[in-house]
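Asks: next comes the sequence, and after it the predicted model I'd like to discuss.
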Amino acid sequence: MRHRLFRQNPDLVEKFTAAVTESLRYASGHPHEAHQGLTTYTKISSDALKDLADALLS
């Protein structure tokens, strides 16, 4: 399925990848804002985000 998407819409896949990369860079540089946004707009708890960040940064 995903190979077909890449073959049929390479521009879409490239733009999506660039957007995700940009958002990750922003979140890395602005962790407090990223944390606030994620807890506001998702059902991920603050504690779960902290545990995830600790695991990723260790």
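Replies: Received the coordinates, thanks.

Asks: what about the residue nearest to residue 44 when sequence neighbours are not counted, how many neighbours?
Replies: Using CB to CB, 6 or more residues apart in numbering and skipping the chain neighbours, the partner closest in space to residue 44 is residue 38 (5.7 Å). From N, CA and C alone the C-beta is placed, and that goes for glycine too. Neighbours of residue 38 under the rule other CB atoms under 10 Å: 17.

Asks: what's the distance between the closest residue to residue 26 other than its chain neighbours and residue 12?
Replies: Leaving out its chain neighbours, the residue that sits closest to residue 26 by CB to CB, 6+ apart is residue 34, at 7.2 Å. In this view, residue 34 and residue 12 are 25 Å apart by CB to CB, to the nearest Å.

Asks: which of those two has more neighbours?
Replies: residue 34 (17 against 11).

Asks: could you say which helix or strand contains that one?
Replies: In this assignment (DSSP states H and E), residue 34 forms part of helix 31-41.

Asks: circling back to that earlier point, wait, the residue nearest to residue 26 sits on residue 25?
Replies: No - counting by CB atoms under 8 Å, residue 34 does not reach residue 25; the two are 10.7 Å apart.

Asks: quick check: the spatially closest residue to residue 27 that is not a sequence neighbour vs residue 44, distance?
Replies: The spatial neighbour of residue 27 that comes closest, neighbours along the chain excluded (CB to CB, 6+ apart), is residue 34 at 3.7 Å. Per CB to CB, residue 34 is found 11 Å from residue 44.

Asks: do the same with residue 29
Replies: 20 Å.
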